[in-house]
Structure formats: structure tokens, C-alpha cells
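# Sequence first, then the predicted structure, then my questions.
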Amino acid sequence: MLSNIGPFQLLIVLAIVLAIFGTKRLRTLGSDLGSAVKGFRTAVSEADKEPENDEAKEITDFSSPQSNQNDEETNHS
């Protein structure tokens, strides 16, 4: 559906958006969008760094609730 959009259709959409918002409003929307994308990228990169530490903590914890339940069942039999 979107593959059929040509340069003329994009020009029409741009003209309509420009008529609705105006040039000043489009500049502020662009800068707001840019800062939002920058914030999103920093949040994603920080989130990627955190799980590495959590995974290391989980790996060192050798006891799991399932293994404890299995041990209890075998002890009662």
C-alpha cells in the first residue's frame, strides 16, 4: 500500500502539513522529535548495559525453587 506513494503524493502531503502547522510549528516539532529520539536511544543503551550485571548475579545463584521442590519430593518418597 505504501509502496505506491510517489514523490508527487509526498509533495502534496508536505504542502498540507505545512498549511496546517506552519513553518515555525514544524521547526519546533522537528526539534522536539529529535530530542525524543535522542532520549530514547540513551534509554535503550542504558537498558542494554544493565541486564549484563543482572545475568551475572542470576548465574551465580545455583538454587532454584524448582530444584528445591524436586529434592523435597524425592526425600518424602
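It's in. Residues are numbered from 1 along each chain as shown.

# hey, let's count contacts and neighbours off CA atoms from now on
Fine.

# in the chain, which spans are helices?
7-21, 23-60, 65-76 (DSSP state H).

# the inter-axis angle of the longest one versus helix 7-21?
Compare the direction of helix 23-60 with that of helix 7-21 by axes from the mean of the first three to the mean of the last three CA atoms, to 10 degrees and you get 100 degrees.

# least reliable of the helices of the chain going by mean pLDDT?
Comparing mean pLDDT across the helices of the chain, the lowest value falls on helix 65-76: a mean of 56.

# hmm, who's touching stretch 6-21?
With CA atoms under 8 Å, 6 or more residues apart in numbering as the test, stretch 6-21 has contacts from Leu26.

# Go again with 10 Å.
Contacts with stretch 6-21, where a contact means CA atoms under 10 Å, 6 or more residues apart in numbering, come from Gly22, Thr23, Lys24, Arg25, Leu26, Arg27, Leu29.

# for the first one, what are its contacts?
With contact set as CA under 10 Å, 6+ apart, Gly22 has these partners: Ala15, Ile16.
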